[in-house]
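> sequence first, predicted model second:
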Amino acid sequence: MRAWTKVLMAAVLVVGVGAGCGGTEQEAQSGSSGSSALASYLERGTEALGDDDNQCPSKKFCKDIDGDKNITHVFFDFPSKKNLEPGKDFKVYSYTDQRGWEEVTDRVKDKGGPCQELSLNYRFELPGPDRHAKVCVAFKDKSYKVEFGHKEDGLCKKDGKGKCKDGDHVQ
């Protein structure tokens, strides 16, 4: 009976946890904002995507960001599109060991701030301490490639383009 219980618990965990944005980390439970909130947000923009290289069928771009020191800020931008509005056109999720998965859309800023030399127009702060973060941008309608950067220990670094994530579970 004990072996059967372990198998059942493992099956429940596999189904419940999912594969967070390309990785295998377990998710943190977060109040009322679960996977259904992201799923309903993405379902609202179900129009077919064309052959544009800037689009992604899953409408998500994710990036692992690794630092040698504490990462204090994450930067991102859309090279082929300007003037997208956080919350209206896209949502942003981050995963860190300290906080697990969380939506950070309400913390995204697009004016001022450090690391102007990166030429990335959007940013949010990570309360830290974190040397690794996974960041996903989920689009409502059309998706666009996303470039990422970060600030650690006073240094601004470009991290490159995110990867299209098909079927990933963000939150």
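Right, received. Where do you want to start? Numbers count the residues shown, from 1 in each chain.
> CA atoms for contacts and neighbours, from now on please.
Fine.
> low-confidence stretches in this protein?
1-58, 166-171 (pLDDT under 70).
> for it, which segments count as helices?
Assigned by DSSP state H, the helices in the chain fall at 2-17, 35-43.
> who are the contact partners of the residue lying closest to residue 135 once chain neighbours are set aside?
Of all residues not flanking residue 135 in the chain, residue 94 sits nearest, at 4.4 Å (Cα to Cα, 6 or more residues apart in numbering). Contact partners of residue 94, counting by Cα atoms under 8 Å, 6 or more residues apart in numbering, are 100, 101, 102, 103, 104, 133, 134, 135, 136.
> same thing but at 10 Å, please
Residue 94 is in contact with 21, 62-64, 74, 100-105, 126, 133-137, 170-171, counting by Cα atoms under 10 Å, 6 or more residues apart in numbering.
> equivalent analysis for residue 119, please.
Contact partners of residue 119, counting by Cα under 10 Å, 6+ apart, are 75, 76, 77, 79, 147, 149, 158.
> strands of the protein, residue ranges please.
60-66, 71-77, 90-96, 100-103, 122-125, 132-139, 147-152, 155-161, 163-164 (DSSP state E).
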